[in-house]
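1. pasting the structure only:
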DNA sequence: GTTGAGCGTT
């Protein structure tokens, strides 16, 4: 058994870490001492330069000459990769908006703790990610025995995001960290996600990830399948996401348009937001562009957030509304690192609020309308617009199916009834009553039977597009898989 | 003293 020297910083005290029999060092071994570490490097004595250590599937491989007696230095994921300096942002009024929009930390539940793990252990482990405001292990009041789970809270949101994006080896067990069910209404990470319109089919998730990574850490890329000419990119830092909104970018030769994926402050209320048309008749043409006048394309600097404060319009008439009510409707997908089947998160993004149906907000301001082609800027689209082109095979029935089935199969009863009542209010196809005509003609996934087929297939489709480099059978990683969840998630 | 999906005595 050989050991290699590892330290957190070049001048820090080092720790001897045991190698495996094949000479590799397990990432988990490293994480046990340096939680959050994502890589290793060492100073090459010949060149004086730093060298990275090869990491494949959770194992570090020694340099050609063997590990030697270098001191290996931990590499941690970057966070300070913002596009604009804080100074620049300081004076802008937009900044204020953004700050308001910045999600706050919530308590996090930590599942799967070893019985022996104490609150001190818990705190100590997570402090590697940032300031820990609170850490508690739930115990039986009588015996004092741990119940195997606990709660903790970070002082800054980026720590939270980072921690949520992966599983954690704590005292020898893999633990999941999630947003507690009781706190799911916070609707956090929404603002970290941008909508990318005018995508072409040859743009891959990797292309987008690579391109947008220059602005900040990308935690997820989601491309709906089948092809729908848009994508979602989620950043670690909401400010990065915000800073890109409204811009046009060129990726692999095609001009894409970035806009807000979701308005702030719209968290699944049952009032107000469902007055827009749902029947898909809002627009014409099938060619995508904003259906009618009144559609700004991009949330300009003031667009998206103004939306939350906009006056309610009972009915926008054809092509109405849309607002910015967008979400991708997959469980945060890879976003949560594409890892955890967090139903809370699912509820959030699938949630009535976030499905982005109709909307009582007038279309965005800032009118850049008239982008042609199959492309449409989502913030300006209503469900009607969604049903426009063949390029957008998402029918309201589909949505109903998703909601209905979610209610039936996965969520509690209130979810279902809420979904249904919304469906009824909207006169949309009732997932429970296929007789009720579906006014849209979009075939959607399940053909005419979207009523029932929807959700699971839909999930399966959407899963894996974010970061499909693992070979898991199911849409979600398995708990007992020891290694190799690529960082990809989310919030 | 055993256990291993879940959701917080205040």
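-> On my side now, so go ahead. Remember, it's a predicted structure, so these values are computed and weren't measured experimentally.

2. my guess is residue A:10 contacts residue A:42, does it?
-> No. Counting by CB atoms under 8 Å, residue A:10 does not reach residue A:42; the two are 9.6 Å apart. Any C-beta I mention is one placed from the backbone N, CA and C, and that applies to glycine too.

3. joint contacts of those two?
-> A:71, A:73 (CB atoms under 8 Å, 6 or more residues apart in numbering).

4. Look at those two and report which has more neighbours.
-> Shown here are residue A:10 and residue A:42; by other CB atoms under 10 Å, residue A:42 has more neighbours (20 against 12).

5. Would you mind stating the distance between the more buried one and residue A:49?
-> 10 Å (CB to CB, to the nearest Å).

6. what's the burial count for residue A:111?
-> Neighbours of residue A:111 using other CB under 10 Å come to 14.

7. so how far is DNA strand B from it?
-> Note on residue A:111: its distance to DNA strand B, by CB to the nearest atom of the strand, to the nearest Å, is 4 Å.

8. do residue A:46 as well
-> Residue A:46 is 47 Å from DNA strand B, by CB to the nearest atom of the strand.

9. secondary structure class for that residue?
-> Classification of residue A:46 using DSSP: H, G, I helix; E, B strand; the rest coil returns coil.

10. Which parts of the stretch 101-250 of chain A are strands?
-> Applying DSSP state E, counting those that start in this stretch to the stretch 101-250 of chain A gives strands spanning A:108-111, A:132-139, A:146-154, A:168-170, A:173-178, A:193-197, A:218-222, A:230-235, A:248-251.

11. Residue A:33 is nearest to which of the ones you listed?
-> The closest of these to residue A:33 is strand A:168-170. By CB to CB, the value is 10.6 Å.

12. Parallel or antiparallel, list what pairs with the closest one.
-> strand A:173-178 (antiparallel) (DSSP bridges).

13. angle of the partner strand against strand A:146-154?
-> 50 degrees (axes from the mean of the first three to the mean of the last three CA atoms, to 10 degrees).

14. which residues touch the residue of chain A found nearest DNA strand B?
-> In chain A, the residue found nearest to DNA strand B is residue A:148; the distance is 2.3 Å by CB to the nearest atom of the strand. If you count contacts by CB under 8 Å, 6+ apart, residue A:148 has them with A:111-115.

15. While we're on it, how confident is the model there?
-> Residue A:148 is assigned a pLDDT of 96 by the prediction.

16. now do the one 5 residues further on
-> Predicted confidence (pLDDT) for residue A:153: 90.

17. For it, grab the count of nearby residues.
-> Residues lying near residue A:153 (other CB under 10 Å) number 17.

18. wait, it sits on residue A:110?
-> No. Contact criterion CB under 8 Å: residue A:153 and residue A:110 do not qualify, at 10.9 Å.

19. low-scoring stretches of chain A, by residue?
-> A:78-103, A:183-190, A:262-491 (pLDDT under 70).

20. quick revisit: could I get the strands of the stretch 101-250 of chain A in JSON lines, plus columns for distance to residue A:205?
-> Compiled in JSON lines, the strands of the stretch 101-250 of chain A are given as follows (distance: least, CB to CB, whole Å):
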{"stretch": "strand A:108-111", "distance to residue A:205": "27"}
{"stretch": "strand A:132-139", "distance to residue A:205": "33"}
{"stretch": "strand A:146-154", "distance to residue A:205": "28"}
{"stretch": "strand A:168-170", "distance to residue A:205": "25"}
{"stretch": "strand A:173-178", "distance to residue A:205": "24"}
{"stretch": "strand A:193-197", "distance to residue A:205": "11"}
{"stretch": "strand A:218-222", "distance to residue A:205": "4"}
{"stretch": "strand A:230-235", "distance to residue A:205": "8"}
{"stretch": "strand A:248-251", "distance to residue A:205": "12"}
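
21. In ChimeraX, how would I select the buried members of the contacts of residue A:148?
-> Those of the contacts of residue A:148 that count as buried under 16 or more other CB atoms under 10 Å are selected in ChimeraX with:
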select /A:112,113
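
22. What is the nearest of the contacts of residue A:148 to residue A:168?
-> Of those, the one sitting nearest to residue A:168 (CB to CB) turns out to be residue A:112, at 8.8 Å.
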